[in-house]
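[1] Fold the following for me, if possible:
(2 chains)
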Amino acid sequence: MRYAIALAQVAPLLGDLAANLALVAERAAGAQARGARLAVFPELALTGYLLQDLVPDVALTASDPRLLSLTDDVPGLLLAVGFVEETAEHRYCNSVALLRDGELVGLHRKVYLPTYGLFDEGRFTSAGDRIRTTPVGEPLGSVGLSVCEDFWHPSLPMLQAQDGAALLINIAAGPARAPGSLAGVAAIDAWHKMQDTYALLGTVAIAFCNRVGNEEGLTFWGGSRLIGPDGAVIVEAPLYEEALVIGELETDDLRMQRYALPLLADERLELTARELGRLVAERAGMADEGAE
Amino acid sequence: MTVSEASLPEIEPGRAIEVIVGFIRAQLAQAGFERLVLGLSGGLDSATVAFLCARAIGPDNLLAVRMPYRTSSGASEDDALRVVTALGCRTELVEITPMVEPMLARIPTGDDPSLRVRRGNVMARQRMIVLYDRSAAFDALVAGTSNKTEALLGYGTLYGDMACAVAPIGDLYKSQVRIVARELGVPPEILVKVPSADLWPGQTDEGELGASYEELDACLHALVDRRWGEERCVAAGLDAALVAWVAKRVARMEFKRQLPPVAKLSQRTPGIDYLYPRRRPGSRR
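    Below is the predicted model:
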């Protein structure tokens, strides 16, 4: 079955929750009007990225009516959007909400917060501690949500693929490094290699939505992509410009690909788990030297 | 000098221009301005920034202020006018000579380097005063013209030519500025001229800094961008004495790249634990 997915490559306004809520609602309606059944928005699309001490000012709980009402005018549409989530314990997380018909269908809190180089996320937000998938009904079945840096750790997409995801949704706020240089191109190339590889090895489709626009000196590079479960690019948005691109996933491709390349079925999870357990124990100084 | 292993990576000037033009537009939009003003000396950096600004906002929204001192070279003025003609931007001529002479009279005469630097600083700061006054009159932000080489070497006057609201070429080394300038169509006379702050007759950047920009940029890129230690720079073919000099100068000039430290006393202190983006709701005028 063909399933249309929109990648809304927008440029949110830093710290302006009301403006960004309106922007997302408007683009979601546009995506649905063009036939999309799922619309994906970037990381922190409701708040902007370089928030620093603005974090508590723009945070929403996952049950906030302003968040849930984003789907008011788009009945049946699945909407993935990034925001600052304030948890019940008043932790502030860089989260992605999956919404449909006024309900929170799924939620993922960014697990890996880059706090190096130009990134300072761990200073202002708390890391999530779950890697799960979200059932969304036929024809997709389940999807795996993640945020930007989460994808630089292959355990996360591979766990989600094993956990039944037919589609991995990664939302990003990727700033260009050394723009205009080969180093800058290399950073984008690395993202592409990573996505292609995860799709291929996980036999899973990937919807990657990266923002554009400028904050302070940073320029976000866009280049959102929808990739099929064979690693082929279905649709790709331009670099640096706002865009709403729509691609169709053929869910039958997933079925055929998984028969032709049964990597998920062949995976030795018990073996991986045992070796991971050993590594964790060794690092904690709890290894039993004699055991084999 | 062979610097093949240590030389700068190539840049795609078209992409760099696209990013910088987007940056300029976003900065203006976020601050609530539509216009820019810059000091146009006729040198490569200010010509390049003028071209970038004109591309971002159109020549009618750009005011290029020419601010010669009585010893400034006539060729610089000719080159500045070439830029104005090529772009069709607005321009003003403000002679700083009568403004700085009373201050310069307080500095002893002589060619001692420290005295030259004092006089040069007076001129650079006077130009800043003119630019900020013109920016208020023209309802504009001041576009800076410092490049990455200058910023890292601290080769500029604090609160003088370093003063600006936005720094479009602050992450481009001098040799990369030249590549971007060529792509922008900066007049060829400016592309080939010897870089000079033109603060006294015969002054050249490379004469003052003691090395070519090609060598300086290679050292800076290796030390800063690649994070190489001095030994590795030398093993890659860079001159040992130059690498040592550059590394020391970068460290010594750190103060020019940061806001002054505040003595921490209270619960929240700007710059330490009061941290906000420069542009946010409420910061647009």
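
[2] In the chain, mark out all the helices, start to finish.
    Since no chain was named, I'll use chain A. Using DSSP state H, the helices of chain A run over residues A:17-33, A:55-58, A:65-68, A:121-124, A:155-162, A:182-202, A:251-260, A:263-266, A:269-283.

[3] actually it's chain B I care about, not the one you picked
    B:13-31, B:44-57, B:74-87, B:97-104, B:113-138, B:148-153, B:174-184, B:188-192, B:205-209, B:213-220, B:230-235, B:240-252.

[4] most neighbours per residue, which of these?
    Ranked by mean neighbour count, these are led by helix B:44-57 with a mean of 25 (mean count of other C-beta atoms under 10 Å in any protein chain shown). Any C-beta I mention is one placed from the backbone N, CA and C, and that applies to glycine too.

[5] Take the helices of chain A and write them to CSV, including mean pLDDT, mean neighbour count and distance to chain B.
    Listed next are the helices of chain A as CSV, based on pLDDT from 0 to 100; neighbours: other C-beta atoms under 10 Å in any protein chain shown; distance: least, C-beta to the nearest C-beta, whole Å:
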stretch, mean pLDDT, mean neighbour count, distance to chain B
helix A:17-33, 98, 18, 8
helix A:55-58, 97, 16, 9
helix A:65-68, 98, 16, 16
helix A:121-124, 97, 16, 8
helix A:155-162, 97, 21, 28
helix A:182-202, 84, 17, 5
helix A:251-260, 91, 15, 34
helix A:263-266, 94, 11, 37
helix A:269-283, 96, 11, 27
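
[6] can those go into TSV with extra columns for distance to residue B:26?
    Formatted as TSV, the helices of chain A follow (distance: least, C-beta to C-beta, whole Å):
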stretch	distance to residue B:26
helix A:17-33	15
helix A:55-58	19
helix A:65-68	26
helix A:121-124	21
helix A:155-162	32
helix A:182-202	18
helix A:251-260	39
helix A:263-266	43
helix A:269-283	44
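
[7] Can you tell me which of those is nearest to residue B:201?
    The minimum distance between residue B:201 and the helices of chain A falls on helix A:182-202, with 40.1 Å, by C-beta to C-beta.

[8] follow-up on the earlier one: between the helices of chain A, which one is nearest to residue A:83?
    Closest approach to residue A:83 among the helices of chain A (C-beta to C-beta): helix A:65-68, 6.6 Å.

[9] Could I get the CA-only coordinates of the closest one as CSV?
    Extracted in CSV, the C-alpha atoms of helix A:65-68 (Å, rounded to 0.1, in the frame of the first residue of the first chain):
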residue,chain,number,x,y,z
PRO,A,65,-3.7,21.6,24.9
ARG,A,66,-1.5,23.8,22.8
LEU,A,67,0.4,20.8,21.7
LEU,A,68,-2.5,18.4,21.3
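
[10] What is that helix packed up against?
    Helices and strands touching helix A:65-68, by 3 or more C-beta pairs under 8 Å, 6 or more residues apart in numbering or on different chains; DSSP states H and E, are strand A:92-100, strand A:103-109.

[11] For the stretch 151-285 of chain B, which residues are neighbours of chain A?
    Applying C-beta under 8 Å from any C-beta of the partner chain, we find that the stretch 151-285 of chain B lies next to chain A at B:171, B:180, B:225, B:274, B:275, B:276, B:277, B:278, B:279, B:280, B:281.

[12] these two touch, right, the fifth one and residue A:53?
    Yes - under the contact definition of C-beta atoms under 8 Å, residue B:275 touches residue A:53, with a separation of 5.1 Å.

[13] Low-confidence bits of the chain, can you list those?
    The chain I'm using is chain A. A:178-186, A:288-292 (pLDDT under 70).

[14] I was thinking of chain B, sorry if that wasn't clear
    Scanning chain B for pLDDT under 70 picks out B:1-4.

[15] Quick check: the residue of the stretch 1-150 of chain B nearest chain A.
    residue B:16 (2.8 Å; C-beta to the nearest C-beta).

[16] out of the helices and strands packed on helix A:65-68, deepest packed?
    Each of these was scored by mean neighbour count; the highest is strand A:92-100, a mean of 24, by mean count of other C-beta under 10 Å.

[17] Packing partners of that strand?
    Where contact means 3+ C-beta pairs under 8 Å, 6+ apart, strand A:92-100 is packed against helix A:65-68, strand A:78-86, strand A:103-109, strand A:134-137, strand A:141-147, strand A:165-172.

[18] Alpha carbons of stretch B:183-195, in PDB - could you do that?
    What follows is stretch B:183-195, C-alpha atoms only, in PDB (Å, rounded to 0.1, in the frame of the first residue of the first chain):
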ATOM      1  CA  GLU B 183      33.200  34.600  -6.900                       C
ATOM      2  CA  LEU B 184      31.200  37.700  -5.900                       C
ATOM      3  CA  GLY B 185      32.800  39.800  -8.700                       C
ATOM      4  CA  VAL B 186      34.800  42.200  -6.500                       C
ATOM      5  CA  PRO B 187      36.800  44.400  -8.900                       C
ATOM      6  CA  PRO B 188      40.100  42.700 -10.000                       C
ATOM      7  CA  GLU B 189      42.200  45.700  -8.800                       C
ATOM      8  CA  ILE B 190      41.100  45.000  -5.300                       C
ATOM      9  CA  LEU B 191      41.700  41.200  -5.500                       C
ATOM     10  CA  VAL B 192      45.300  41.600  -6.400                       C
ATOM     11  CA  LYS B 193      46.300  44.500  -4.100                       C
ATOM     12  CA  VAL B 194      48.700  44.000  -1.100                       C
ATOM     13  CA  PRO B 195      46.600  43.900   2.100                       C
END
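
[19] what does the stretch 1-150 of chain A put close to chain B?
    A:13, A:14, A:15, A:16, A:50, A:51, A:52, A:53, A:54.

[20] Am I right that the fifth one is in contact with residue A:12?
    No - in terms of C-beta under 8 Å, residue A:50 does not count as a neighbour of residue A:12; the distance is 11.1 Å.
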